[in-house]
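Colleague: Whatever this is, show me its structure:
(one chain, ligands or ions: 1)
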Amino acid sequence: MEINFPFSTTRQNPSLMLPTPPTFTKMASMAFPVVQSPRNSTPISSSNKEQTQNWDALKFVRGKKLLKDLSTWGIGGPCNYFVQVFHQTHLLSAIRYCREFSIPYVVIGKGSNCLFDDLGFDGCVILNQIDFLERMEPGVYRAGSGFRFNHLGSLSCNEGFTGLEFAAGIPGTVGGATYMNAGANGQETANVIESVDIVTTEGNFRTLNRIDLTFGYRSSSFQDMGNLGAIVAATFRLERSGSAKKRQQELLKRRRATQPVNERSAGSVFRNPVNLGVSAAELIDKAGLKGCSIGGAMVSNIHANFLVNNGASTSQDMLNLIALVKDKVDSKFGVELEEEVLYFHPYWNYANWER
Ligand SMILES: Cc1cc2nc3c(=O)[nH]c(=O)nc-3n(C[C@H](O)[C@H](O)[C@H](O)COP(=O)(O)OP(=O)(O)OC[C@H]3O[C@@H](n4cnc5c(N)ncnc54)[C@H](O)[C@@H]3O)c2cc1C
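Modeller: This next block holds a predicted model:
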C-alpha cells in the first residue's frame, strides 16, 4: 500500500536553522516534537577526512560516526563528536570534556529506543559500554549501565531468580532500561531495582536508593533530573523461583511469534493508552494501517505498533509515518497516541529545552 503523505516535507519557514548556541550544556533528552525534521539545514560533518581528538585517554571521532550504526532502527546521519566509554572514569571524563567545551551531549546504550535524524546530531554521542556484572549476594546483581539488559535477564533466570524474565526480549542496556523503566508482560525494571549509581553533570558520583526514585509507565525520575550526567550502574534484587526460566522461554517464544524480531525497529513506537482497555497496536491495526508505508518506513504486518525500516527509511519517512498513524487513529477513534520512542533533534536548543 502506497501512501502519499499529505503534508509538506520541506520546512517553509527555516526557523529550525542552527539555534542560539546553548549557554550551558545539558544532556539531550526526550521529547517528540511532531515537526518536520530540518531537511534544508546543512548536514553535520566536520570534514571529508576522519578527524580524531584525544583528551584524557579518550578518543573523540569528529563528524564521521553515523548514528544509523548506533541505533536498532538503522536511521541517522553523523554526529559531530563520538566517543566510547568502557569505565565510569571515562564516562566522567567525556562529560567533563563536553561541559568544558560547551558541547551538547547524549549518553546512549544500544539506541533501541531512539530515532536519530538523517542530519545527525550537532553534539557529542557518548556510547556507553560499561558492562561489568557483580553478584553481590544470591539474587542481587550490580550491573554496569552498558551491560546488556537481555543478558542480565537470561542469566538471572538461569540462576533461578525471578523479576527479570521480561528483560530477555529487550535489546537495550541496563542504563537504557533504567532510564526508560522498560517493561513487558506485567513486569517492569522499577520493580526489581534496589539502587542506581549515577554521575552528575558536576562530576559527582551518587547512589540513589529505590525509595529516592519514582517510576511510571516508561518513565523514571532520571528523565527529569536536571543534573543527571549519566546512569553508571544499577543494582537489582530478585527473588528465588523455580519457574522463572520456563516462564522466560514462553515469553520469548511468544515474542518471536508476535513481533518482527528480524526487522529493524525500535520496539513499540507508541505507548498504550491509559485506562482504555485497548492497546496502541490494536487501534493501529483496526485503523487498517498494517502494511502501510511511506518511503522505506512501514507499519509492521506482524505487530502494528512496530514501525519497521525496510532498509531505506529516512528519518523523515519515519516521522511522516508516525504522524500519519497518529492522525488516522485520532480521526477514527478519537485517541491521541503518544510516542514511546525518542526523537533526537539534530540542533536541539538545549538552553531553552522543555519537555
Ligand atoms: C525489538 C525491540 C523490542 C523491544 N521491546 C521492548 C519491550 O518489550 N519493553 C520496553 O520497555 N522496551 C522495548 N524496546 C525498546 C528499548 O529496547 C528499551 O526502551 C530499552 O530499555 C532502551 O535501552 P537502550 O540501551 O537501547 O537505550 P537507548 O535507546 O540507547 O537510549 C534510550 C534513552 O535512555 C537514555 N540512556 C541510555 N543509557 C543511559 C545512561 N547510561 N545514562 C543516562 N541515560 C541513558 C538515552 O539518552 C535515551 O534518552 C524494544 C526495542 C526493540 C528494538
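Colleague: who touches L321 in this structure?
Modeller: Contacts for L321 (C-beta atoms under 8 Å, 6 or more residues apart in numbering) come out as C292, S293, I294, A297, M298, V299, L307. C-betas here are computed from N, CA, C, even on glycine.
Colleague: hang on, the third one packs against T314?
Modeller: Meaning I294. No - using C-beta atoms under 8 Å as the test, I294 is too far from T314 to be in contact (9.6 Å).
Colleague: With neighbour numbers in mind, choose between the two.
Modeller: Between I294 and T314, counted using other C-beta atoms under 10 Å, the more crowded position is I294 (25 against 21).
Colleague: would you list every one of the helices in the protein?
Modeller: For the chain, helices defined by DSSP state H occupy the ranges 88-100, 149-158, 174-180, 244-258, 280-286, 315-333.
Colleague: that older thread, let me have the contacts of L321 in TSV, extended by pLDDT and distance to the ligand.
Modeller: Formatted as TSV, the contacts of L321 follow (pLDDT from 0 to 100; distance: C-beta to the nearest ligand atom, whole Å):
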residue	pLDDT	distance to the ligand
C292	97	20
S293	97	19
I294	98	20
A297	98	15
M298	98	15
V299	98	15
L307	98	11
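Colleague: For V61, which non-adjacent residue is closest in space?
Modeller: F82 (4.4 Å; C-beta to C-beta, 6 or more residues apart in numbering).
Colleague: what are the bridge partners for the one you found, then?
Modeller: V61, V125 (DSSP bridges).
Colleague: ok, how many other residues are close to the nearest residue to T314 once chain neighbours are set aside?
Modeller: Using C-beta to C-beta, 6+ apart and skipping residues adjacent in sequence, the residue nearest T314 is D118, 5.3 Å away. Residues lying near D118 (other C-beta under 10 Å) number 21.
Colleague: please renumber so the chain begins at 46
Modeller: I'll keep to 46 as the first residue from here, and by that count the last item is D163.
Colleague: In this structure D163 contacts S358, no?
Modeller: No - if you go by C-beta under 8 Å, D163 and S358 don't touch, sitting 9.6 Å apart.
Colleague: Could you tell me the end-to-end distance of stretch 252-270?
Modeller: 14 Å (C-alpha to C-alpha, to the nearest Å).
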